[in-house]
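> predicted model and sequence below, questions to follow.
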Amino acid sequence: MSSSTPDSGRGGIPGGTAVIDGLPGDPARPAHRHLGLALVVIATAQLMVVLDATIVNVALPHIQRALGFSGSGLEWVVNAYALTFGGLLLLGGRAGDILGRRRVFIAGIILFSAASLLGGFATSQEWLLAARALQGVGGAIVAPTALSLVTTTFPEGPARNRAMGVYAAMSIGGAAVGLLAGGLLTTYFSWRWVLFVNVPIGIAVALVAPWALGQSDRLRGKFDIPGAVTATFGLAALVYGLSSAATTANGVSHWGDTKVVASLVAAVILLGSFIVIEARSRHALMPLRIFSNRSRSGAYLIMLCVGTALFGMFFFLTIFVQTVWGYSPLKTGIAYLPMVTVIMLMAGVSTQLVPRIGARPLLLAASAIASGGMFWLSRINEHSTYAGGLLGPMLVTAAGMGLLFMPATLVALSKVDDRDAGLASSLVNTGQQVGGSIGLAVLGTIAWTVVSNTARTSAAAAKAAAIAAAKAGHPLHASAAVAQKAIYDHALAVGFSRGFEVSAGIMLIALIVTIAMIRVTREDLAGVQPMPV
């Protein structure tokens, strides 16, 4: 990536030497008058990619009703994007290095926008999922090249620090913007507009980018296509197998189905092949030497746990509050805002605390707090209220997550060779996306299995109660529709509560990883500059 190549920013702006702060500058960078425009372009692109993760989440129940997704099938609206994004992120960064960052950045924006347009017009499940996967490919191209363009466009010092600050704000604030935008668009227009909204933004960025961004030289190297293919398809096979194993409404478990077994076997073969390829390739996407440091490997495992827990929490809560509590998409987005606000606030607090107490104490406290918050959240049921059943545990979970992000990123980047700095940074994001996809498949299988079993048990009990009441001369007067909804709401509450319990356990694993693997000191982190991912 750009940060690991000292002269990777070389390129030219037609018309003469660049001028930075009134002095002749490096022709590799745009003229001073272009820096503000360059920042707008890069920040907007990052906002669009980050926003997409949450803007679609709020619309999930509407998408489910419109296209007839099952509960486990709906997970693929999230996973199709996350898998291709996480699986191809390293290849996207490599493409920018080899083919030129501005060129690749614009291509990624165009692909992302075109995929969004296609998704907005989707009339079938397969159509939407294909568009979401294509969006993920575009995002995997845009995200690493946007970060590289920050470091190659802005001169080191205050200008680059300000640019990094804006980039980080877009990365974190994009979640809040996505929740509100998703709620507004779905409530007042249609779920399709959560995808259409990317199109005009993408067109504007693609048109302005050639004027705002300098071109970079192409670096020598080759693409690790076998590594990218085996990793992405291996993860897809794993997630497909896990998500297809859930018990269906008729009470049948599918762990022994041919497609489930074949998918899981293929996943083992493909992911095993990926490790072999990366160990032997001279141009590996993920050189295994990056995991030689125990603390760094622990940080990646922690981010994997974070992705697993967060993806599941947002997915289940969105369906729960809209289906069981009857929230509109807009009310759902607003309901999440306190959580996003606390995450941003605590991320700032952790930045101040790391130099004073170090990363390890923060990681210990953060993972324990997040685990406690998610366990508290598992107590939610169909009769709970927002203030009494959701707000408290959501804020506690947010406090833990907010405290965790910065120290985990710092540990992941400590003691990294210059040649691996970009790789180390990208793997933090990759870990979250991949962990989220796998976690949502696992948690979804557990949750939907419990939902199915609870619904059948409750329906049988309700039928027996109705027969007994009729024999006693006290027939029940509730309509069949009302009774069926009450049974389904209760089943969702029980199943999703089990999912939150598993999420709490996953954050306990993060705590155990911290205890066993994280050994960095404050001195180890001196001078480490976390790259927003």
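In hand now; what should we look at?
> and the pLDDT for residue 298?
Residue 298 is assigned 92 on the pLDDT scale.
> quick check, it in contact with residue 411.
Yes: counting by CB atoms under 8 Å, residue 298 touches residue 411, with 7.2 Å between them. All C-beta spots, glycine's among them, are computed from the backbone N, C-alpha and C.
> joint contacts of these two?
Residues touching both residue 298 and residue 411 (CB atoms under 8 Å, 6 or more residues apart in numbering) are residue 518.
> show me which of these two is the more surrounded one.
Taking neighbours as other CB atoms under 10 Å, residue 298 and residue 411 compare with residue 411 leading, 34 against 24.
> does the more buried one sit in a helix or strand, and which one?
helix 392-413 (DSSP states H and E).
> buried ones in that helix?
For helix 392-413, the neighbour count (16 or more other CB atoms under 10 Å) marks 393-394, 396-413 as buried.
> hmm, residue 369 and residue 396 touching each other?
Yes: if you go by CB under 8 Å, residue 396 and residue 369 touch, sitting 6.3 Å apart.
> so for these two, which residues contact both of them?
With CB under 8 Å, 6+ apart, residue 396 and residue 369 have no common neighbours.
> residue 225: what's it in contact with?
So residue 225 contacts nothing (CB under 8 Å, 6+ apart).
> for it, give its distance to residue 284.
With distances taken as CB to CB, to the nearest Å, residue 225 is found 12 Å from residue 284.
> now swap in residue 53 and tell me
With CB to CB as the criterion, residue 53 and residue 284 are 28 Å apart.
> do the same with residue 90
9 Å.
> which element is residue 206 on?
Counting by DSSP H and E, residue 206 is part of helix 198-212.
> tell me the mean pLDDT for that helix?
The average pLDDT within helix 198-212 is 88.
> distance between that helix and the chain's centre?
Here helix 198-212 is found 24 Å from its chain centre; the criterion is CA atoms, centre = their mean, to the nearest Å.
> which strands or helices does it pack on?
Here helix 198-212 touches helix 32-58, helix 101-120, going by 3 or more CB pairs under 8 Å, 6 or more residues apart in numbering; DSSP states H and E.
> so it versus helix 32-58, what angle?
Going by axes from the mean of the first three to the mean of the last three CA atoms, to 10 degrees, helix 198-212 is angled at 160 degrees with respect to helix 32-58.
> now do the buried residues in the helix or strand that helix 198-212 is followed by.
Downstream of helix 198-212, the first helix or strand assigned by DSSP H and E is helix 225-243. Buried residues in helix 225-243, counting neighbours by 16+ other CB under 10 Å, are found at 226-243.
> so between residue 90 and residue 284, which is more surrounded?
For the pair residue 90 and residue 284, the greater number of neighbours falls to residue 90 (25 against 19), based on other CB under 10 Å.
> isn't the more buried one right next to residue 283, touching?
No: contact criterion CB under 8 Å: residue 90 and residue 283 do not qualify, at 11.5 Å.
> for the stretch 1-150 of the chain, which spans come out with low pLDDT?
Scanning the stretch 1-150 of the chain for pLDDT under 70 picks out the ranges 1-33, 71-72.
> picking up where we left off before, any idea of the angle the following helix or strand past the helix holding residue 411 forms with helix 32-58?
Using DSSP H and E, the helix or strand that follows helix 392-413 towards the C-terminus is helix 421-471. Angle between the axes of helix 421-471 and helix 32-58 is 20 degrees (criterion: the same axes, to 10 degrees).
> helices or strands up against helix 421-471?
Using 3+ CB pairs under 8 Å, 6+ apart, helix 421-471 is in contact with helix 71-99, helix 125-153, helix 225-243, helix 294-323, helix 392-413, helix 480-517.
> let's go with 6 Å and repeat that
Packing partners of helix 421-471 (3 or more CB pairs under 6 Å, 6 or more residues apart in numbering; DSSP states H and E): helix 71-99, helix 225-243, helix 294-323, helix 392-413, helix 480-517.
> burial count for residue 133?
21.
> please apply the same query to residue 124.
10.
> nearest spatial neighbour of it, skipping sequence neighbours?
Taking CB to CB, 6 or more residues apart in numbering, and ignoring the residues beside it in sequence, residue 124 has residue 67 as its nearest neighbour in space, at 6.6 Å.
> which residues are in contact with residue 133?
Residue 133 makes contact with 80, 84 under the criterion CB atoms under 6 Å, 6 or more residues apart in numbering.
> again but with residue 495, I slipped
Per CB under 6 Å, 6+ apart, neighbours of residue 495: 447, 450-451.
> can you check the pLDDT for it?
89.
> what of the one 3 residues further on?
Reading off the confidence values, residue 498 has pLDDT 91.
> can you get me a residue count around the closest residue to it other than its chain neighbours?
Take residue 498 and drop its neighbours on the chain: the residue closest to it by CB to CB, 6+ apart is residue 450, 4.7 Å away. As a burial measure, residue 450 scores 20 neighbours (other CB under 10 Å).
> how close does residue 450 sit to residue 46?
38 Å.
> which one of the helices and strands packed on helix 421-471 lies closest to residue 205?
Distance to residue 205, taken as CB to CB, is lowest for helix 71-99 among these, at 15.7 Å.
> list the buried residues for stretch 448-464?
Result for stretch 448-464 [16+ other CB under 10 Å]: buried residues 448-456, 458, 462.
> also stretch 58-77?
Neighbour-count burial for stretch 58-77 [16+ other CB under 10 Å]: 58-64, 67, 69, 71-77.
> kindly report the same for stretch 281-300.
Counting neighbours by 16+ other CB under 10 Å, stretch 281-300 gives 284-287, 290, 293, 295-300 as buried.
> can you redo these as JSON lines with distance to residue 353?
JSON lines is the format used below for those (distance: CB to CB, whole Å):
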{"residue": "284", "distance to residue 353": "36"}
{"residue": "285", "distance to residue 353": "34"}
{"residue": "286", "distance to residue 353": "31"}
{"residue": "287", "distance to residue 353": "32"}
{"residue": "290", "distance to residue 353": "27"}
{"residue": "293", "distance to residue 353": "23"}
{"residue": "295", "distance to residue 353": "18"}
{"residue": "296", "distance to residue 353": "21"}
{"residue": "297", "distance to residue 353": "23"}
{"residue": "298", "distance to residue 353": "19"}
{"residue": "299", "distance to residue 353": "17"}
{"residue": "300", "distance to residue 353": "22"}
